[in-house]
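In: Would you be able to build a 3D model of this:
(chains A, B, C and D)
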There are 2 protein chains.
Amino acid sequence: MVRYGQYCPVAKAAEVLGDRWTLLLARELLQGAEGFNELERGLPGISRSVLAQRLRTLERRGIVQRAEPRGYHLTDAGRDLAGVIDKLGEWGATWAFGDPLPDELDPDLVMGWIARHTAKRPETRTVIQFDCRAPKRRYWLVLEPGDVSVCREAPGFDTDVLVEADVQQLYGLYFGRTTLRDPAIAVRGAPRGEVDSWFAWSKYAPALRV
Amino acid sequence: MVRYGQYCPVAKAAEVLGDRWTLLLARELLQGAEGFNELERGLPGISRSVLAQRLRTLERRGIVQRAEPRGYHLTDAGRDLAGVIDKLGEWGATWAFGDPLPDELDPDLVMGWIARHTAKRPETRTVIQFDCRAPKRRYWLVLEPGDVSVCREAPGFDTDVLVEADVQQLYGLYFGRTTLRDPAIAVRGAPRGEVDSWFAWSKYAPALRV
DNA sequence: CAGTATCCTCGAGGATACTG
DNA sequence: CAGTATCCTCGAGGATACTG
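Out: Next up is the predicted model:
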């Protein structure tokens, strides 16, 4: 719990948001994550006790509200953090977003982001299989009329579209540094341009200096 | 040095700015503070070694540039933090700016802020004396055509205008919660309205919920 | 699924004194 | 004015195992 003891709006905001992980936790909540385990998955490296402590502090400070019987939601104050996190992300994309270190690329994480930014809501269930070549992983994105989910296990439905890429290429797609038109990414089952249009990718892509 | 290990613009920005004191240090630099001791005075409670370490880190990351023979300046990346700090301050003013705790009111600090936000640049030297009643302090704001400075010792020039207020009232002025028209604040030597117009007060005043 | 309890480590940073 | 060097403390949080 950071304390600066200055009666200044910047200092007070920094006291609320300045604990380690709190800004990223706000990002997760703004993206719509609600469950404890879901939040933990979005913050690899956080310990469960730290996550619980941060959530308690944010609740006490009126940023987060617990729902019954489970789940966390942002209050008005919490939703208003969108502007702060956006500016932060734009600044980061512009000035602090060099090439990734190898251990910064996490296929689980980027697949979660891609799933959250899927724009397509098909009329009938559509299954997009993502084969990550390196590291070797397989995901199924199941698009239903009102829902999108990622599975690590075969969902039991036929795959409609198959995408094959390295984890770097998945990040490249998400941050707009490449597109599904890149022949190094394999796409089967639907035209590349059509599949590309199903995803919104990251809002920070425009700020990126490629 | 915070490390999250996520290739995400928000996470990378939080790695640069997430160390304790770094956001407030950015605020000071954006306000135009340049010297080591000047920065230290604006951050009561920081230790000299932590300040030195933070400045070194920001320099290494391309946010701060050292000037010869002394002084710290923001780079383009550093100046671009203005948008982040502004959003943070607006959020803090709106959602985290309750009544001050008694130990959060520091007359030295608020006098420094007031001095930085003095708009008037008179044609001849003008001396405004601020008598803080509680805690008992005395300051002289010396306005010259090209410069404003605060002294804790009598500057040797005649006082043109005298302002008498408590430290709470000085903060009230700075954050737009009161004005020099408040009769509880004494003003001698010039009309209240005129003196009030010499100061810009804080940019976060509009976001304040009084 | 959603946490809490307990123990222990280690590193951030405070205090103090010093230098060019 | 602008720092650095040294020593030491204490608390954040990791690891692990547990519960409703």
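
In: And A:Val210, what's its pLDDT?
Out: Here, the pLDDT recorded for A:Val210 equals 61.

In: For chain A, just list every one of the strands.
Out: A:64-66, A:72-74, A:126-132, A:137-144, A:147-151, A:161-165, A:186-188 (DSSP state E).

In: If you drop the residues flanking it in sequence, what lies closest to the spatially most central residue of chain A?
Out: In chain A, the centroid-proximal residue (C-alpha atoms, centre = their mean) is A:Trp113; its distance is 3.4 Å. What sits nearest to A:Trp113 in space, not counting adjacent residues and going by C-beta to C-beta, 6 or more residues apart in numbering or on different chains, is A:Tyr174, at 5.7 Å. From N, CA and C alone the C-beta is placed, and that goes for glycine too.

In: who touches that neighbour in this structure?
Out: A:Tyr174 makes contacts with A:Val110, A:Trp113, A:Ile114, A:His117, A:Trp201, A:Ser202, as judged by C-beta atoms under 8 Å, 6 or more residues apart in numbering or on different chains.

In: Repeat that for A:Gly71.
Out: By C-beta under 8 Å, 6+ apart, the contact list for A:Gly71 reads A:Glu34, A:Gly35.

In: quick one, phi/psi of it?
Out: Dihedral pair for A:Gly71: phi 110, psi 150, per degrees, to the nearest 10.

In: Can you tell me how far it is from chain B?
Out: Shown here: A:Gly71 relative to chain B, a distance of 22 Å by C-beta to the nearest C-beta, to the nearest Å.

In: related to what we said a few turns ago, now, which of the contacts of A:Tyr174 lie within helices?
Out: Residues of the contacts of A:Tyr174 located in helices (DSSP state H): A:Val110, A:Trp113, A:Ile114.

In: quick check, nearest of those residues to A:Leu55?
Out: A:Trp113 (21.3 Å; C-beta to C-beta).

In: My guess is that closest one contacts A:Ser202. True?
Out: Yes - counting by C-beta atoms under 8 Å, A:Trp113 touches A:Ser202, with 7.2 Å between them.

In: What residues does chain A have near DNA strand D?
Out: With C-beta under 7 Å from any atom of the strand as the criterion, chain A meets DNA strand D at residues A:Met1, A:Asp19, A:Arg20, A:Trp21, A:Gly45, A:Ile46, A:Ser47, A:Arg48, A:Ser49, A:Val50, A:Gln53.

In: and these, which two are the farthest apart?
Out: Going by C-beta to C-beta, the pair spanning the residues of chain A next to DNA strand D furthest: A:Met1 and A:Gly45, at 20.0 Å.

In: Of these two, which one has the most company?
Out: Neighbour totals were compared for A:Met1 and A:Gly45, and A:Gly45 leads with 12 against 8 (other C-beta atoms under 10 Å in any protein chain shown).

In: quick one, what contacts the spatially closest residue to that one that is not a sequence neighbour?
Out: Excluding the flanking residues, the one nearest A:Gly45 by C-beta to C-beta, 6+ apart is B:Gly5, at 6.4 Å. B:Gly5 is in contact with A:Pro44, A:Gly45, A:Leu101, A:Asp103, A:Glu104, counting by C-beta under 8 Å, 6+ apart.

In: Relative to A:Leu109, how far out is the second one?
Out: For A:Gly45, the distance to A:Leu109 equals 11 Å [C-beta to C-beta, to the nearest Å].

In: who's in contact with the closest residue to A:Pro44 other than its chain neighbours?
Out: Nearest-residue entry for A:Pro44: A:Asp106, 6.3 Å, with adjacent residues in sequence omitted and distances by C-beta to C-beta, 6+ apart. By C-beta under 8 Å, 6+ apart, the residues touching A:Asp106 are A:Pro44, A:Val167, B:Gln6.

In: of all the residues you listed, which comes closest to DNA strand C?
Out: Within the contacts of A:Asp106, proximity to DNA strand C (C-beta to the nearest atom of the strand) peaks at A:Pro44, which comes in at 15.5 Å.

In: Could you chop chain A up by domain?
Out: Using automatic domain parsing, the domain parsing of chain A gives A:9-95, A:102-208.

In: for the shortest one, what is the average pLDDT?
Out: Mean pLDDT, taken over the full extent of domain A:9-95, equals 96.

In: again, but for stretch A:149-161
Out: 93.

In: How about stretch A:120-137?
Out: 93.

In: Contact partners for A:Arg188?
Out: A:Arg188 makes contact with A:Val161, A:Leu162 under the criterion C-beta under 8 Å, 6+ apart.

In: Quickly list what it is bridged to.
Out: Counting by DSSP bridges, A:Arg188 forms beta bridges with A:Leu162.

In: Which ones among the residues of chain A next to DNA strand D lie within helices?
Out: Using DSSP H, the residues of chain A next to DNA strand D in helices are A:Arg48, A:Ser49, A:Val50, A:Gln53.
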